[in-house]
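Trainee: how does the following fold in three dimensions:
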Amino acid sequence: MPQTSPFRRLRAAFAVAVAPVGSPNNMAVDPNVVAQLHAQMKVLDRDPYLHVADQRLGVLSVFDDLKFDRADIDMMTPAMRQHAITKLEPLGFRQRSGNVMEHEETGIRLIIPKFHTQGASPFDITRYTPKRAQDIYLLTPTQTACQFIDSYVRDDAVERIKTLIAKHPINLYRLMDYLENKPTHDAFQSVIGHLKYVQREAVEGEPLQRRRALG
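Mentor: Predicted coordinates:
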C-alpha cells in the first residue's frame, strides 16, 4: 500500500476547507498541521534573506536593504519576491496566482499583499488583503515591524523588532512618518531613538555589514 504523508492524513481527517483569499470562510486548519508546516519552514531562517518573523501572526520577512531614506518606497521588489518563491517551492508551495502560493498538502497559503500607491502606509499593507488564521503573509521588514506594533504591547513589539533588525533592518524613517495618532502608536514614539541605535550597531557589524540587496 502506498505511503500517505502526515499532512495528507491530517488534512483528510479534519476535512480542511480552503477558501479563496478574502473569503469570509475562515475555517481553520488543524493546529497540528500548522505546527508541522511551521516547523518545516524554520529551515528558511538559514537563508540570510528570509526570516520566519512571527509564527502566531503568520509573517515571513524578506530582506530589503541596509540603508534607507525617508523617500524610499517600501514595496516588495521582483527580486525579493522571486527569491522567496524559489526557496518556498522545495517546501511544497506552488504559485496559484501572482500574489498567492499554496502548500499542496495542507492548503495553507502564502500571500504577498499588493502594493497600492506610493504614499501608502506600511501599516496598511494587509488591510485590503485579508488572510485566514493559518495563512502566511510575505512582507518587507518595515511592513513586518508595523504588524508587530499593531499586534503587541509596546515592550513585546520592541523586542520582536530588535530581533528582526538583527537579520533584516527596517526603514525607521518611514515607520516614524506613518505612526498614527492613537495610543498604541503614541507609546511607540519614545523607543524610536533606541531602535535607531540598535539598527546602527547591527548594520555596522557581522553578519549584516557585507549583505547586499537582492536584485
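
Trainee: C-alpha from now on. contacts and neighbour counts both.
Mentor: Will do.

Trainee: can you give me the strands for this protein?
Mentor: 50-54, 59-62, 93-97, 100-103, 109-111, 136-139 (DSSP state E).

Trainee: in CSV, list those along with mean pLDDT.
Mentor: Shown next, in CSV, are the strands of the chain (pLDDT from 0 to 100):
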stretch, mean pLDDT
strand 50-54, 96
strand 59-62, 98
strand 93-97, 94
strand 100-103, 96
strand 109-111, 97
strand 136-139, 98
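
Trainee: in TSV, list these along with distance to residue 159 and mean neighbour count.
Mentor: Formatted as TSV, the strands of the chain follow (distance: least, C-alpha to C-alpha, whole Å; neighbours: other C-alpha atoms under 10 Å):
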stretch	distance to residue 159	mean neighbour count
strand 50-54	12	22
strand 59-62	16	25
strand 93-97	30	15
strand 100-103	30	20
strand 109-111	25	25
strand 136-139	19	25
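
Trainee: how about a markdown table for these, with distance to residue 38 added?
Mentor: Formatted as a markdown table, the strands of the chain follow (distance: least, C-alpha to C-alpha, whole Å):
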| stretch | distance to residue 38 |
| --- | --- |
| strand 50-54 | 9 |
| strand 59-62 | 11 |
| strand 93-97 | 13 |
| strand 100-103 | 12 |
| strand 109-111 | 12 |
| strand 136-139 | 10 |
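
Trainee: which of the ones you listed sits closest to residue 156?
Mentor: For the strands of the chain, distance to residue 156 was read as C-alpha to C-alpha. The smallest value, 12.1 Å, belongs to strand 50-54.

Trainee: contacts for that closest one?
Mentor: 41-42, 44-45, 59-63, 84, 144, 164, 167-168 (C-alpha atoms under 8 Å, 6 or more residues apart in numbering).
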